[in-house]
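# fold the following and give me the result.
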Amino acid sequence: MEEKDTPKTGENQEELAVIVGKNITRLRKLSNMTQLELAEKLNYSDKSVSKWEQGNGIPDVRILVRLADLFNVSVDDLVREHTEKPVMPRRERKIKRIVIALSSVGLCWLVAVICFVLIGIFAPNISAKWLAFLYAVPASAIVLIVFSAVWGWRFMRIFSISVLIWTVIACIYLTAFVLGENPWLLFLIGIPLQILALFFFVWGKRAHFFKE
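Sure thing, here's the model as predicted:
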């Protein structure tokens, strides 16, 4: 009887250990964890994690299941050989993300400059064209909030949210002031919003800690 094809997990135990070790290393780096951090989550020593990653042993099934849950993959993904591109080192990845974030913020300011110039050319009588630069600040904060949420920059997120709250209020206030109004009470709205932002930041951090 012809045997069915089975997933390639190595011809022997040693090859399987090497494959599992490479997958653990790859997924750990993708998760921005050190060997010590991974070991703490598994209640193992970092020496055990190092041994697994070097292919000198295979975690038991219980640990494989925990690793799969931790990395949000299947156990099958841990024991299969992968041909993905090498993981970018943490420092290089961090620098790349900072460059992307700063470039996106710079784009907001480029739009502000273009608006300022166009208003100066086609509507030179408008004296409040400088507001274009003020509106670039909350726009930049929104960009940073998005990136910090995607990449897990927690302190940058709360800083950007705080900047967004107060600069939006400032934009509304100064726009109304230019039109002859003085809605200074708007700044009172920022106080509870700031408190709520800090509360959810602290509460979310604690909730994440207890979840781990």
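
# skip ahead from the biggest helix by length in the chain and say which helix or strand is next.
The longest helix of the chain (DSSP state H) is helix 90-122. The first helix or strand that comes after helix 90-122 along the chain, using DSSP states H and E, is helix 131-151.

# name the residues of that next one that are buried.
Using 16 or more other C-beta atoms under 10 Å as the test for burial, helix 131-151 gives 131-132, 135-141, 143-145, 147-148, 151. (Each C-beta comes from the backbone N, C-alpha and C, glycine too.)

# ok, now stretch 113-121?
Buried, per 16+ other C-beta under 10 Å, within stretch 113-121: 115-116, 119.

# returning to what we had before: from the contact counts, what lies against the longest helix of the chain?
Other elements packing on helix 90-122 under the criterion 3 or more C-beta pairs under 8 Å, 6 or more residues apart in numbering; DSSP states H and E are helix 131-151.

# let me know the angle separating the helix it packs on from helix 90-122.
160 degrees (axes from the mean of the first three to the mean of the last three C-alpha atoms, to 10 degrees).

# just the buried positions in stretch 21-32, please.
Along stretch 21-32, these residues count as buried under the neighbour rule (16+ other C-beta under 10 Å): 21, 23-29.

# if we can go back for a sec, quick check: mean pLDDT across the longest helix of the chain?
The average pLDDT within helix 90-122 is 89.

# again with stretch 195-206
The average of the pLDDT scores along stretch 195-206 is 70.
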